[in-house]
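Trainee: What would the 3D arrangement of this be:
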Amino acid sequence: MKCPRCGADMKEGQMYCEHCGREIQIVPEFDPALETSLHKALSDVGTQIAEKASEDSKPETDAGQSTVPEKQPSMKNRRKKRWKVFAGLFAAAALCAGASLIFWHHTPEYRYEKAAAQMKEKSYDSAAELLELLIEQDPRNVEYLNALSSCYYFEGKLEEAKELCLTILGMDASCEDAYRRCVAIYEKQNDYAAINALMQSCPDVQIQSRYLDYMANPPEFDLQSGTYREAQNLKLIGNAAGTIYFTTDGSVPDENSQVYTSPIPLKDGGYEIKALFVNHYGIASDISSANYYIDISRPDAPYVTPLPGNYDKPVRIEVDVPDGCSVYYTMDKTEPTASSTRYEEPFWLPVGYSTFKFVTIAPDGVTGSVTECNYTLDLHPLLSMEAASNQLLLTLKNAGVVNSLQGDVPDGDGRNLYTFKYALTINNHHYYLYREYHELDGESNATGNDYVVNYMSGECYRAEKQEDKSFKLYAIEQPENGQE
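Mentor: From the prediction side, this is the model:
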């Protein structure tokens, strides 16, 4: 084939001349026999029209008479002549219509409609043949390529169908049919990583939204990187069902890292958060990261009185609690936390050696420094704790509260036990405090009664705590009379 402009040689089916750049118009081909038949039919019609016109131009003559032209033809002859012309024109129009129909049957539009009809009837192989012919003439027609990909898919030619889909997406990245068919093929092949890669490359968020379950997007953080003046709770968000793994020290997370189940508390200090999302199909996302610095004022360490040291008389531990904060403490040398014992009110120092650790925790969860206090309380009493306990039981027996030094109660239903709690000072006198428990069938419950024994004189009293946290003492034999 040669270029009609410059005469350069061209490959068959080439759309442009590589020499001069002229576009080549492709004209549908006709069968030779069909072209000959059409040419003969048109020639015959032309001959018939010419002959009839010649006959109409001859004057009519009678037998044996010389021809004499009439000056004016009759109305009948004129109508007859007009009818013949119309008949000839009608025949020519019919032939032209037939030629047009034959031409239509060889157009791309007709062939595509025929291929679509065959696809509807599930004749995918026949439809594919027509579509392949069309693509030879127009290789960048997305509609033809998409239809052929569909034929290949239903014929089971998955690789051919997939390659066509990828070709289509290279020309039209918003072709949803191509994405849908590609996803179906990859799913048949259990290639979920390919589905994720395909959808990650899709520029259309509407199309992406239909395939989120297959995607593994990096986790999103609900806080931007930066410095904050108060404690924060960081939320990590995944795009679909799956698991988020994270680290807070900047190390690379994997499936052995901590699993995200609730917001991550960011207290005082710096954090480098890295997170990884693994979807339901086991596909891992890229890693997302953010840096945070929480710069807030730490609460002061608790101020405790008395100061650590050695004491020979009962003393109370008091802690100055900052407004809005809470103080927690331990007595086993472990570091106090919000799960430790909360300081509510002053309490009496235990007898012997003890170590306290106190910490202040602000409302936002920020922890202050720990205050550690070591004490020794050596009372030098005249009565030991055991001797004082026996003195109390004897006093209670004499008062009829118990029947024996074992604490048996008068009604014979169980017995009372008296447990030492701490040493205290009341009105400048020093006592041991014992709490009463009633034991029955192996169970022991506090009765609400407290008793004190002066560890220097042995005097015993019933002690009742007042609203101001002080104790009022009552003689055991005369509970209605009391002393402050």
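Trainee: Pro108 is in contact with Glu136, isn't it?
Mentor: No: here Pro108 does not reach Glu136: they are 10.8 Å apart, not a contact under CB atoms under 8 Å. Backbone N, C-alpha and C define where each C-beta goes, glycine included.
Trainee: So for these two, which residue has more residues nearby?
Mentor: Per other CB atoms under 10 Å, whichever of Pro108 and Glu136 has more neighbours is Pro108, with 16 against 11.
Trainee: The more buried one and Val327, how far apart?
Mentor: 86 Å (CB to CB, to the nearest Å).
Trainee: Same check on Ile135?
Mentor: Separation of Ile135 from Val327 (CB to CB): 81 Å.
Trainee: Which one's more surrounded, those two?
Mentor: Taking neighbours as other CB under 10 Å, Ile135 and Val327 compare with Val327 leading, 25 against 16.
Trainee: you'd agree that one is up against Val321?
Mentor: Yes: counting by CB under 8 Å, Val327 does reach Val321; the two are 5.0 Å apart.
Trainee: Quick check: neighbours shared by those two?
Mentor: Listed as contacting both Val327 and Val321 by CB atoms under 8 Å, 6 or more residues apart in numbering are Pro302, Tyr343, Thr360.
Trainee: Val304 versus the second one, what's the distance?
Mentor: Think Tyr343. To Val304, Tyr343 is 10 Å away according to CB to CB.
Trainee: Common neighbours of these two, please.
Mentor: Jointly contacting Tyr343 and Val304 under the rule CB under 8 Å, 6+ apart are Val319, Phe358.
Trainee: ok, the two, which is more surrounded?
Mentor: Tyr343 (22 against 19).
Trainee: That one and Lys465: what is the separation?
Mentor: Separation of Tyr343 from Lys465 (CB to CB): 18 Å.
Trainee: Kindly report the same for Tyr328.
Mentor: From Tyr328 to Lys465 the distance is 24 Å (CB to CB).
Trainee: quick one: which of those two has more around it?
Mentor: Shown here are Tyr328 and Lys465; by other CB under 10 Å, Tyr328 has more neighbours (19 against 10).
Trainee: Other residues contacting the helix or strand that the more buried one is a member of?
Mentor: Here Tyr328 sits within strand 326-330, counting by DSSP states H and E. For strand 326-330, the external contacting residues (CB under 8 Å, 6+ apart) are 302, 319, 321, 336-343, 356-361.
Trainee: Show me where the stretch 51-200 of the chain dips below the pLDDT cut-off.
Mentor: Along the stretch 51-200 of the chain, the model assigns pLDDT under 70 to residues 51-106.
Trainee: actually the stretch 351-484 of the chain, not the one I typed
Mentor: Using pLDDT under 70, the flagged stretches of the stretch 351-484 of the chain are 478-484.
Trainee: Do a quick rundown of the strands in it.
Mentor: Per DSSP state E, counting those that start in this stretch, the stretch 351-484 of the chain carries strands over the ranges 352-361, 367-377, 415-426, 429-440, 443-454, 460-465, 471-475, 482-483.
Trainee: The residue lying closest to Gln118 once chain neighbours are set aside: which element?
Mentor: Distances taken as CB to CB, 6 or more residues apart in numbering place Ala127 nearest to Gln118, at 4.0 Å, with adjacent residues excluded. Taking DSSP H and E as the definition, Ala127 sits inside helix 124-137.
Trainee: what helices or strands is whichever helix or strand comes after that helix leaning on?
Mentor: Downstream of helix 124-137, the first helix or strand assigned by DSSP H and E is helix 142-155. Packing partners of helix 142-155 (3 or more CB pairs under 8 Å, 6 or more residues apart in numbering; DSSP states H and E): helix 108-120, helix 124-137, helix 158-171, helix 176-188.
Trainee: so can I have JSON lines of the ones you listed showing distance to Glu372?
Mentor: JSON lines is the format used below for the helices and strands packed on helix 142-155 (distance: least, CB to CB, whole Å):
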{"stretch": "helix 108-120", "distance to Glu372": "84"}
{"stretch": "helix 124-137", "distance to Glu372": "83"}
{"stretch": "helix 158-171", "distance to Glu372": "68"}
{"stretch": "helix 176-188", "distance to Glu372": "63"}
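Trainee: returning to what we had before: so the residue nearest to Gln118 makes contact with Arg111?
Mentor: No: contact criterion CB under 8 Å: Ala127 and Arg111 do not qualify, at 10.1 Å.
Trainee: and the two? which has more neighbours close in?
Mentor: Of the pair Ala127 and Arg111, Ala127 is the one with more neighbours under other CB under 10 Å, namely 25 against 18.
Trainee: if I pick that one, what's in contact with it?
Mentor: Here Ala127 is in contact with Ala115, Ala116, Gln118, Met119, Ala147, Cys151 (CB under 8 Å, 6+ apart).
Trainee: and with 6 Å instead?
Mentor: Ala115, Gln118, Met119, Cys151 (CB atoms under 6 Å, 6 or more residues apart in numbering).
Trainee: Selection in ChimeraX covering whichever of those are buried, please.
Mentor: Here is the ChimeraX selection string for the buried members of the contacts of Ala127, based on 16 or more other CB atoms under 10 Å:
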select :115,118,119,151
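Trainee: can you redo the contacts of Ala127 as TSV with distance to Ala173?
Mentor: Converted to TSV, the contacts of Ala127 look like this (distance: CB to CB, whole Å):
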residue	distance to Ala173
Ala115	25
Gln118	29
Met119	25
Cys151	23
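Trainee: And the closest residue to Arg111 other than its chain neighbours, how close does it get to Leu148?
Mentor: In space, and not counting its chain neighbours, Arg111 is closest to Leu130: 5.1 Å by CB to CB, 6+ apart. Leu130 is 9 Å from Leu148, where distance means CB to CB.
Trainee: next one: Gln391
Mentor: 107 Å.
Trainee: So for the two, which residue has more residues nearby?
Mentor: Taking other CB under 10 Å, Gln391 and Leu148 do not tie; Leu148 has more neighbours (26 against 19).
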